[in-house]
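>>> Only the shape, not the letters, is given here:
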């Protein structure tokens, strides 16, 4: 596992640069997911613009004005925050403090913050001063929908995080009540569908305000979301962020921390051996003191969720059973001979569900990308996206552990409920837009 870039460079190049430990691989892959989404969305919007389906909007802008006080203050504040935190991460972070915890703390490098804040404010002043005119002019410019992709991505990022946090705390309400501030500002705890729903509402509001036809925007966005999700899930798999599946009882984690085939009765013996982990979420640390490492706690060993699936000869074992060594959550038992910050491995292998979602969403993206020119009715592409993403997530939920609700004798997870709703919504949308297209013809 590569919880951050320190481990990547250590494994690939044999160097130990502690300054790289703040660059979380999960965050890096999420950022790359947003970049991929921006590229796909921009290309699709440009294609629809050439077809005459989307039109530009003319807006008035003022050029030649010097930098305003508010612009200088905003740039100075942004620079101060980045300098205070990023320079602090390299030169001031205590060794025993997690980089993510440091980011959300009050600690930092004051001099670094002041220097970067002043530098960004000066750059803004210099940039505006170069373009300054004796008399500022008002000009009419034509802005196409693809020119607004940057704004759309930023809205998706901000409201996606808000929605992901909201739905995660809704799903884990008891934990939220115990520590609302900690849960809100924790770097963990994000629900994909929550982010999708809230971000979609914000982006549709923005599109309507800017005169972008929503039906064509969502058709393009569906493709972008599939690819972004596939890339983002790579981050979950590579970092070991805890979003894995249920335990695979066909294998065990042996004394060396490796995945091994379970012999008769060895799975139960492994549960008994690590009873404290499964029943209380605790394991012994290097000082032989019990330490809390996970919130996945079960009433009894019989209630530990698992399936027994052996990997076929043509599939690597780690695609079926993986124990996430060096995971970013520091979840599991200590790995023998490891002295780094992330030295834990799951005591029992699990199904690597982030890997399954990456593969599934990549294949679905390729399929829908190849079909996009053949689909002529606006809205059908987004309807197909809703159906396939709902089916994909519902299938993966069969191998994942989430809190369950009790509804009329059924016990679905939040993701399963939303998955079914998305599939139904997708079929309804396709029916409506096709019927509307026939009527208009």
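Done, it's in. In this text, all values refer to a predicted model and were calculated from it rather than measured experimentally. Numbers count the residues shown, from 1 in each chain.

>>> Just the pLDDT for residue 173.
What the model reports as pLDDT for residue 173 is 69.

>>> nope, residue 102 is what I was after
Per-residue pLDDT puts residue 102 at 68.

>>> try the one 10 residues further on
With respect to pLDDT, residue 112 has a value of 90.

>>> do the same with the one 4 residues further on
For residue 116, the model assigns a pLDDT of 92.

>>> What is the neighbour count of the nearest residue to it once chain neighbours are set aside?
Spatially, and ignoring its direct neighbours in sequence, residue 116 is nearest to residue 83 (2.9 Å; C-beta to C-beta, 6 or more residues apart in numbering). From N, CA and C alone the C-beta is placed, and that goes for glycine too. For residue 83, the neighbour count with other C-beta atoms under 10 Å is 23.

>>> and residue 83, which of the three is it?
Secondary structure for residue 83, judged by DSSP: H, G, I helix; E, B strand; the rest coil, is helix.

>>> can you check residue 59 too?
Using three-state DSSP, the structure places residue 59 in strand.

>>> ok, which stretches of the stretch 251-400 of the chain are strands?
Applying DSSP state E, counting those that start in this stretch to the stretch 251-400 of the chain gives strands spanning 251-253, 259-261, 282-284, 290-292, 306-307, 333-334, 344-345.

>>> Need those in TSV (columns: mean pLDDT, distance to residue 208 and mean neighbour count).
As requested, these are exported to TSV (pLDDT from 0 to 100; distance: least, C-beta to C-beta, whole Å; neighbours: other C-beta atoms under 10 Å):
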stretch	mean pLDDT	distance to residue 208	mean neighbour count
strand 251-253	97	52	25
strand 259-261	97	51	17
strand 282-284	93	51	16
strand 290-292	92	47	12
strand 306-307	95	46	15
strand 333-334	94	53	19
strand 344-345	96	48	26
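
>>> Make a markdown table out of those and add distance to residue 166.
Shown next, in a markdown table, are the strands of the stretch 251-400 of the chain (distance: least, C-beta to C-beta, whole Å):
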| stretch | distance to residue 166 |
| --- | --- |
| strand 251-253 | 35 |
| strand 259-261 | 36 |
| strand 282-284 | 30 |
| strand 290-292 | 26 |
| strand 306-307 | 31 |
| strand 333-334 | 34 |
| strand 344-345 | 30 |
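
>>> follow-up on the earlier one: what does the pLDDT read for the residue nearest to residue 116?
Per-residue confidence (pLDDT) for residue 83: 87.

>>> That one reaches residue 115, doesn't it?
Yes - because the distance of 6.0 Å satisfies C-beta atoms under 8 Å, residue 83 is recorded as touching residue 115.

>>> Please give the element, helix or strand, for residue 154.
Element membership of residue 154, judged by DSSP states H and E, is helix 149-171.

>>> Show me what that helix is packed against.
helix 25-50, helix 173-178, helix 180-185, helix 192-209, helix 414-440 (3 or more C-beta pairs under 8 Å, 6 or more residues apart in numbering; DSSP states H and E).

>>> Let me have these in JSON lines, extended by mean neighbour count and distance to residue 15.
Below are the helices and strands packed on helix 149-171 laid out as JSON lines (neighbours: other C-beta atoms under 10 Å; distance: least, C-beta to C-beta, whole Å):
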{"stretch": "helix 25-50", "mean neighbour count": "19", "distance to residue 15": "17"}
{"stretch": "helix 173-178", "mean neighbour count": "12", "distance to residue 15": "39"}
{"stretch": "helix 180-185", "mean neighbour count": "12", "distance to residue 15": "33"}
{"stretch": "helix 192-209", "mean neighbour count": "18", "distance to residue 15": "35"}
{"stretch": "helix 414-440", "mean neighbour count": "16", "distance to residue 15": "40"}
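
>>> of all those, which lies closest to residue 329?
helix 25-50 (10.3 Å; C-beta to C-beta).

>>> who's in contact with residue 332?
277, 283, 293, 294, 323, 324, 344, 345, 346, 347 (C-beta atoms under 8 Å, 6 or more residues apart in numbering).

>>> mind checking how far the fifth one is from residue 302?
The gap separating residue 323 from residue 302 is 22 Å, by C-beta to C-beta, to the nearest Å.

>>> who has more neighbours, the two?
residue 323 (30 against 8).

>>> So the more buried one sits against residue 351, correct?
No - if you go by C-beta under 8 Å, residue 323 and residue 351 don't touch, sitting 11.3 Å apart.

>>> if we can go back for a sec, out of the strands of the stretch 251-400 of the chain, which gets nearest to residue 174?
strand 290-292 (16.2 Å).

>>> residue ranges with poor pLDDT in the chain?
Along the chain, segments meeting pLDDT under 70 span 89-90, 93-104, 171, 173, 176, 179-193, 402-403, 405, 441.

>>> Domain map for it?
Following automatic domain parsing, the chain resolves into domains at 63-143, 247-351, 354-440.

>>> what would those look like in a markdown table with distance to residue 36?
Output for the domains of the chain, formatted as a markdown table (distance: least, C-beta to C-beta, whole Å):
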| stretch | distance to residue 36 |
| --- | --- |
| domain 63-143 | 24 |
| domain 247-351 | 22 |
| domain 354-440 | 10 |
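
>>> follow-up on the earlier one: can you tell me which of the helices and strands packed on helix 149-171 is nearest to residue 390?
Across the helices and strands packed on helix 149-171, residue 390 has its closest neighbour in helix 414-440 (3.5 Å, C-beta to C-beta).

>>> Give me the angle between the closest one and helix 192-209.
30 degrees (axes from the mean of the first three to the mean of the last three C-alpha atoms, to 10 degrees).

>>> Helix 414-440 packs against which elements?
Partner elements for helix 414-440 (3+ C-beta pairs under 8 Å, 6+ apart): helix 149-171, helix 192-209, helix 380-397.

>>> for the last one, packing partners?
Counting by 3+ C-beta pairs under 8 Å, 6+ apart, the packing neighbours recorded for helix 380-397 are helix 214-239, helix 353-371, helix 414-440.

>>> quick one on the thing from earlier: select, out of the helices and strands packed on helix 414-440, the one closest to residue 423.
When the helices and strands packed on helix 414-440 are compared by C-beta to C-beta, helix 380-397 sits nearest residue 423, at 3.9 Å.

>>> Dump the helices and strands packed on helix 149-171 to TSV, plus distance to residue 329.
As requested, these are arranged in TSV below (distance: least, C-beta to C-beta, whole Å):
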stretch	distance to residue 329
helix 25-50	10
helix 173-178	15
helix 180-185	16
helix 192-209	18
helix 414-440	20
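
>>> Which one, of these, ends up nearest to residue 330?
Using C-beta to C-beta, those put helix 25-50 closest to residue 330, at 13.9 Å.
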